[in-house]
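**Q** Would you be able to build a 3D model of this:
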Amino acid sequence: MTSVVPDEPVQGRQGHYAGAVTRLVAFGADVGASWGLFTVGAAALTFSIELVTGAKFSLTDHQLASLVALAMWEFLYFAYQWSLGGKTIGMAVLGIRVVRTDGMPIGPRQAVVRTLTLPLSFLLLGLGFIGILLNRDRHAFHDRLAGTVVVYSWDARAARLRWLARRDTGAAA
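**A** This is a model prediction of the structure:
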């Protein structure tokens, strides 16, 4: 059995600046994951308080505390994952990661600065994201302040070659 090899090699995207659509979809996935985890945690907290005290408890009666808890959760969700591995759950699914402008992994400082300045890109009526569309290096406002860039972290060509190698060895056996 012979395999067909294309005339031109498939280009890998590893290390290239991530595009606006990929970043937006990853952010949407992170918002969903983050809110889902927060909701499960809030339900567990409500259940635990009712179980211990025996009284009816509702987080809607404590809106300010809930808002503070949500803000702290969002900060921890993004800053911790970025400082740990340079990517969040949504970024990992879509194959992108945050690195320093020199290509090295980001540290806790860059992760915290990026997390704290991310809301500024929204508060500027979304203008903080224009750089993703217009600049060659696709820096958003919070990327510039943190000294970071978002790049593709997987190599599609290498993954395809590994898959083909496994398929060929399976056919030969």
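**Q** Quick check: which helices or strands does the helix ranked longest in the chain pack against?
**A** Criterion DSSP state H: the longest helix present in the chain is helix 20-53. Secondary-structure packing of helix 20-53 (3 or more C-beta pairs under 8 Å, 6 or more residues apart in numbering; DSSP states H and E): helix 63-85, helix 89-94, strand 96-100, helix 130-134. Placement of C-beta: from N, CA and C, glycine included.
**Q** who are the neighbours in contact with residue 136?
**A** Contacts for residue 136 (C-beta atoms under 8 Å, 6 or more residues apart in numbering) come out as residue 17.
**Q** A helix includes it, no?
**A** No - with DSSP: H, G, I helix; E, B strand; the rest coil as the criterion, residue 136 is assigned coil and is not in a helix.
**Q** how far away is it from residue 16?
**A** According to C-beta to C-beta, to the nearest Å, residue 136 and residue 16 sit 11 Å apart.
**Q** what's the answer for residue 141, then?
**A** 21 Å.
**Q** Looking at the two, which one has more neighbours?
**A** residue 141 (20 against 12; other C-beta atoms under 10 Å).
**Q** so that one touches residue 122, yeah?
**A** No - counting by C-beta atoms under 8 Å, residue 141 stays clear of residue 122, with 9.8 Å between them.
**Q** Residues that sit against both of the two, list them.
**A** Both residue 141 and residue 122 are in contact with residue 128, where contact means C-beta under 8 Å, 6+ apart.
**Q** average pLDDT across the longest helix of the chain?
**A** The pLDDT scores in helix 20-53 average 94.
**Q** Check the gap between the closest residue to residue 93 other than its chain neighbours and residue 92 for me.
**A** With sequence-adjacent residues excluded and distances taken as C-beta to C-beta, 6 or more residues apart in numbering, residue 93 is closest to residue 29, at 6.0 Å. According to C-beta to C-beta, residue 29 and residue 92 sit 9 Å apart.
**Q** residues in contact with residue 101?
**A** Per C-beta under 8 Å, 6+ apart, neighbours of residue 101: 137, 147, 148, 149.
**Q** Quick one, which of these are buried?
**A** 148, 149 (16 or more other C-beta atoms under 10 Å).
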